[in-house]
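Chemist: mind folding the following:
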Amino acid sequence: MHAHLIDWTNLLVRVFHLIAGISWIGSSFYFMWLDATVEKLSPEKKDVEGELWMVHGGGFYIVEKRFMTAATMPKTLHWFKWEATLTWISGIVMLGLVYYLNPQAYLLPAGSSLSGVAAIGVSLSLIALAWIIYDLLWASPLGERFNGKVALALSFLLMAAAGYYLCYFFSGRGAFIHIGAMLGTLMVANVWMRILPSQQKMIDATARGDTPDYSQGKKGKRRSVHNSYMTFPVLILMLSGHYPALYSGSLSWLVLLLLFFIGAGIRHVMIARMRKTNADWVLLPVAAAFVAVVLITSPPTGGFAGVGTNEQAGEQGVVPASEVMEIIQKRCVSCHSATPTDKDFPIAPNGVAFDTIEQVVAMKNGILNRSVETNTMPFANRTQMTSAERVRLGAWIKAGAQKTP
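Modeler: Residues are numbered from 1 along each chain as shown. Down below sits the predicted model:
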């Protein structure tokens, strides 16, 4: 009953997180597009910086970007802030449900010397520290040097160091999700600590009848642009948990950095096109980074990842089904069974069970991909499947996965 309640809570929070995230990203993308698209259409409107006509849902709309004065200050201003807040809160709750309730299952690698409490402490400390370092860096004079390029380079190097550190102490899946959580925290902190206060200072000045300091708006806008660039990397890292090949290899830290570059690079091209500038050349290094990810996460040509070549598998001779079932029983059925014995997985993951040879044969392609070619199963190799066992499984599948003893 306890596991069932956790599953339902996880599902509900996950759906809420998805809806809140769509709302936040949607409004963020819309305003980035709007800011890049408005133009001066009516010179006689001195207090209008830019305007834009749009059509949607059978209606016509005009949006104006204005210079505010006390006389034109509206009675009601609509803020876009709770989408970010609810996305972050639900994300932290999910982090707790999936990674903190049972750190040994997903957060820590097999055989880790860290305790669960220590791992959670490291996790929370790094998430908080990420904001402190990022904010100090971009608020310092370095944030202005060479149009922010110095701070950008330092930010990327710091994230690379964090990624390498996390991939060493945490499981690959745990490391990837934590970089995503760190970036998400930077985004929501930007909203509440920098963007909203800058806007409020301008509103307060206008309400007093003073001319607002529009440099405050520019400072807030820069953080908003940062948020936009981080959006795609965060989405990619959130989805990475469903693709173990991305985070299971020895170069997972490099894959993480490449994925960040791919996401930010694609977003850069999109923003440049909105501003009617040409940055399509960025697609070339983005494509190169994607090819690098594919090569790094692919098994060696003609062989099984880390367990030898196809020729070596062929030299194994005929592998009887009885030996395959012995390996499966020893390494897999503690989780993948109608009655799992692993306390962390009381229900077979994805409903996949290997209690009979027929069930094993039915999943032979998945076994070949996950346990032989990419070494991503058993999860975190918690049952210590050996390279020799992987070769034997691969040889049996390559020979036709016969059910006979």
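Chemist: so Lys65, which state does it fall into?
Modeler: Lys65 carries the three-state label strand when classified by DSSP: H, G, I helix; E, B strand; the rest coil.
Chemist: pretty sure it contacts Lys45?
Modeler: No: taking Cβ atoms under 8 Å as the contact criterion, Lys65 and Lys45 are not neighbours in contact, 10.8 Å apart. (C-beta placed from N, C-alpha, C; glycine too.)
Chemist: which neighbours do those two share?
Modeler: Residues within reach of Lys65 and of Lys45 at once, by Cβ atoms under 8 Å, 6 or more residues apart in numbering, are Glu51.
Chemist: confirm that Thr76 sits in a helix.
Modeler: No: checked against three-state DSSP, Thr76 lies outside a helix; its state is coil.
Chemist: for this protein, which spans come out with low pLDDT?
Modeler: Per-residue confidence of the chain (counting by pLDDT under 70) places the weak regions at 1-3, 299-317.
Chemist: and if we set it to 80?
Modeler: Low-confidence segments of the chain (pLDDT under 80): 1-4, 68-72, 110-111, 299-317, 344, 374, 380, 404-405.
Chemist: most remote residue from the middle of it, which is it?
Modeler: Relative to the centre of the chain, the most outlying C-alpha is that of Glu44, 46.9 Å out, by Cα atoms, centre = their mean.
Chemist: and it, helix, strand or coil?
Modeler: Following three-state DSSP, we place Glu44 in the coil state.
Chemist: tell me the phi and psi of it?
Modeler: In this entry, Glu44 is assigned phi and psi values of phi -70, psi -20 (degrees, to the nearest 10).
Chemist: contacts only, for it.
Modeler: Taking Cβ under 8 Å, 6+ apart as the criterion, Glu44 is in contact with no other residue.
Chemist: and for the one 4 residues further on?
Modeler: For Val48, the contact set (Cβ under 8 Å, 6+ apart) comprises Lys40, Ser42, Glu64, Lys65, Arg66, Phe67.
Chemist: test my guess that the third one contacts Glu51.
Modeler: What it means is Glu64. Yes: because the distance of 4.6 Å satisfies Cβ under 8 Å, Glu64 is recorded as touching Glu51.
Chemist: need the overlap of contacts for these two.
Modeler: Val38, Lys45.
Chemist: shouldn't Trp53 be within a helix?
Modeler: No: the secondary structure assignment for Trp53 gives strand rather than a helix, going by three-state DSSP.
Chemist: give me the secondary structure label for the closest residue to it other than its chain neighbours.
Modeler: The shortest distance from Trp53 to any non-neighbouring residue, by Cβ to Cβ, 6 or more residues apart in numbering, is to Ile62 (5.3 Å). Under the three-state scheme (three-state DSSP), the conformation of Ile62 reads as strand.
Chemist: count the residues that sit near Ile62.
Modeler: With neighbours defined by other Cβ atoms under 10 Å, the count for Ile62 comes to 9.
Chemist: Ser125 too?
Modeler: Other residues near Ser125 come to 10 when the count uses other Cβ under 10 Å.
Chemist: just the C-alpha atoms of the helix or strand where it lies, please, in PDB.
Modeler: Per DSSP states H and E: Ser125 is located in helix 116-139. Taking Å, rounded to 0.1, in the frame of the first residue of the first chain, the C-alpha atoms of helix 116-139 are listed here in PDB:
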ATOM      1  CA  GLY A 116      21.900   8.400   1.900                       C
ATOM      2  CA  VAL A 117      21.800  11.400   4.300                       C
ATOM      3  CA  ALA A 118      25.200  12.600   3.100                       C
ATOM      4  CA  ALA A 119      24.100  12.200  -0.500                       C
ATOM      5  CA  ILE A 120      21.000  14.300   0.100                       C
ATOM      6  CA  GLY A 121      23.100  16.900   1.900                       C
ATOM      7  CA  VAL A 122      25.500  17.100  -1.100                       C
ATOM      8  CA  SER A 123      22.500  17.400  -3.400                       C
ATOM      9  CA  LEU A 124      20.800  20.300  -1.600                       C
ATOM     10  CA  SER A 125      24.100  22.100  -0.900                       C
ATOM     11  CA  LEU A 126      25.100  22.000  -4.600                       C
ATOM     12  CA  ILE A 127      21.700  23.300  -5.800                       C
ATOM     13  CA  ALA A 128      22.000  26.200  -3.400                       C
ATOM     14  CA  LEU A 129      25.600  26.900  -4.100                       C
ATOM     15  CA  ALA A 130      25.000  26.900  -7.800                       C
ATOM     16  CA  TRP A 131      22.800  30.000  -7.400                       C
ATOM     17  CA  ILE A 132      25.200  31.800  -5.100                       C
ATOM     18  CA  ILE A 133      28.100  31.400  -7.500                       C
ATOM     19  CA  TYR A 134      26.100  32.100 -10.600                       C
ATOM     20  CA  ASP A 135      24.600  35.300  -9.200                       C
ATOM     21  CA  LEU A 136      27.800  36.600  -7.800                       C
ATOM     22  CA  LEU A 137      29.600  36.000 -11.000                       C
ATOM     23  CA  TRP A 138      27.000  37.800 -13.200                       C
ATOM     24  CA  ALA A 139      26.500  40.600 -10.800                       C
END
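Chemist: give the other helices and strands that the very next helix or strand once past that helix contacts.
Modeler: Beyond helix 116-139 in the direction of the C-terminus, DSSP H and E gives the next helix or strand as helix 149-169. Applying 3 or more Cβ pairs under 8 Å, 6 or more residues apart in numbering; DSSP states H and E, one finds that helix 149-169 contacts helix 116-139, helix 172-189, helix 252-274.
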